[in-house]
Structures are given as C-alpha cells and as structure tokens.
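K.L.:
here is my input, please return the structure:
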Amino acid sequence: MTTSGTESVPEVEKDKIYSLPLQQVGDFKFDEQVVRVFPDMIQRSVPGYGSILSMIGEVAESHVKPDTAVFDLGCSLGACTMVIRPRIPQSCVIHAIDNSQAMTNALEARLKELPGGCEVRLRCADIRETTVQNASLSVLNFTLQFVPKEEREALLGVIADGTLPGGALVLSEKISFENEAHQELLTTLHHSFKRANGYSDLEIAQKRTSLENTLIPEYLQTHLDRLKRVGFSVATCWFQCFNFVSILAVK
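P.N.:
All right, here's what the predicted structure looks like:
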C-alpha cells in the first residue's frame, strides 16, 4: 500500500515506469516492478516525505510505552518501522502489515539484514481485517487514501478502540480542496515539484491516470472530523506541503 525509505533496500532503481508512452494506462499496483523503484518514486513524488518520517520517529519516542504494540499499517518497504524501531523500548512489538506480497517479501529480506531492536511481526494481509490492541502508536503513512471511502471510518474506529489512553495515530495523506482555485494552484505546484525531481510531463500525466481510480483523496477537515468521531480526543495537522499533509491524533 503505502510508503517506504531508501536506506538498505536491495536493488533500488530509478523510477522509469511511466517514462515511455503506454497504449493503455492501468490502475496503479504495488507489484514487483513498483517495489524495485518505490524508494526513488516516493522521495521524488511526495514533498516533505523525509520530514514526515523524522517526525514519526519523534512521536514514537514520546508516545510508545514499554510492553505495548505499534502498528505500521500499509508498511510497504518498512520506512516507518525502521524509523520507529530504534526509538522504542525493546519490550514492544511492531506489527508491520501490508497487502502487497511483493512489498512484504522485500521487507522480510531487509529485516534479516538489520537485526536488533524490538520484535517486528510482518504479515501480508488486508489492514481492514487487522485486530488492533494494546497500541501506543499506529501509523497510516499514505495508506488510508487507498482504502475505499466508505470503509475508512470503520478502520479508524478499530484503530481508536485498540489504542491505549494517551496513545497516538499518525495519519499522512494526499488531500483535496473544496475551493477549485486552491486545488488547481497546489496541484500545479506539486507537478512542478515532480518536474524539479526529474519527472517528465508524460510521466506525470500517466502516473496521474494510473492513480485516478485507486488513490482517492479527501478534504483535510473530513479527516479531522472523522478522527474525533471515532474516539481521538486531539487531532491536528502538524505538516502540510502543497496537497500533502500529516495529522497527529491522540486518544
């Protein structure tokens, strides 16, 4: 599903998936082709990605208590897991879950190369079918946007119910804007960001087409209101760059 980092990932390649004209652009999938280029793709596509990862480490250090669980939901290649792991007590368990077998296979190999730290339990599964309990931190780092809209509140409810008092959720998402002028302006700036990182107009257009039916953004206020409804007492946007945000919610 969602995001990953660049360090210690084998066979990292430059993202050229959409560099040539395609007769038909299919829906985006987190397959083996994407796994090979994903660290490059995410860094060049998501403004502020490194800052978000860094902040997740800070949240982990301040909120994760001994003998509790951390849930990295939509873990992809494990960027969040790797940031969190050295910042939390050894008695904790990180549950890293993703529905892409290609992603979890790659992360499993990566974990074998990086021993030490608390236990990481890796599973290839649908996060909508995950039981969350004894959680002091959960992370949805650019994951919820791939879950059907009508199922998002139920998933967040499961996370909130399984979160300990004082526990936290970091929710990072691409968002949309009700004001059309705002939407056009920030979309234009995002495309400029991608061009500055070496993507061509063809690549930008074809990638956008591939994501149209799979990545469905919502308004920031929609996310904040939903988090309050499911049981988080505090929900605030701590980061925004163009049409990308990260929200911190505390139970």
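K.L.:
average pLDDT for the top helix by length along the chain, rounded please.
P.N.:
Longest helix of the chain, by residue count under DSSP state H: helix 180-196. Mean pLDDT, helix 180-196: 96.
K.L.:
what packs against it?
P.N.:
Applying 3 or more Cβ pairs under 8 Å, 6 or more residues apart in numbering; DSSP states H and E, we find helix 180-196 packed against helix 201-211. All C-beta spots, glycine's among them, are computed from the backbone N, C-alpha and C.
K.L.:
picking up where we left off before, buried set for the longest helix of the chain?
P.N.:
186, 190-191, 193-194 (16 or more other Cβ atoms under 10 Å).
K.L.:
what's that helix in contact with?
P.N.:
44-45, 47, 176-177, 201, 203-204, 242-244 (Cβ atoms under 8 Å, 6 or more residues apart in numbering).
K.L.:
now that helix - C-alpha only, CSV.
P.N.:
Presented in CSV, the C-alpha positions along helix 180-196 are these (Å, rounded to 0.1, in the frame of the first residue of the first chain):
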residue,chain,number,x,y,z
GLU,A,180,-11.2,24.9,-7.1
ALA,A,181,-8.6,27.7,-7.3
HIS,A,182,-6.8,26.2,-4.3
GLN,A,183,-6.9,22.7,-5.8
GLU,A,184,-5.6,23.9,-9.2
LEU,A,185,-2.8,26.0,-7.6
LEU,A,186,-1.5,23.3,-5.3
THR,A,187,-1.8,20.6,-8.0
THR,A,188,0.3,22.8,-10.3
LEU,A,189,2.9,23.3,-7.5
HIS,A,190,3.0,19.5,-6.9
HIS,A,191,3.6,18.9,-10.6
SER,A,192,6.4,21.5,-10.6
PHE,A,193,7.9,19.7,-7.6
LYS,A,194,7.9,16.4,-9.6
ARG,A,195,9.4,18.1,-12.7
ALA,A,196,12.2,19.5,-10.5
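K.L.:
any idea how far that helix is from the chain center?
P.N.:
Remark: helix 180-196 is offset 21 Å from the chain centroid, using Cα atoms, centre = their mean, to the nearest Å.
K.L.:
longest strand of this protein?
P.N.:
strand 163-176 (DSSP state E).
K.L.:
what's the farthest-apart pair in the contacts of helix 180-196?
P.N.:
Phe177 and Glu203 (23.9 Å; Cβ to Cβ).
K.L.:
neighbour-wise, which of those two wins?
P.N.:
Taking other Cβ atoms under 10 Å, Phe177 and Glu203 do not tie; Glu203 has more neighbours (19 against 16).
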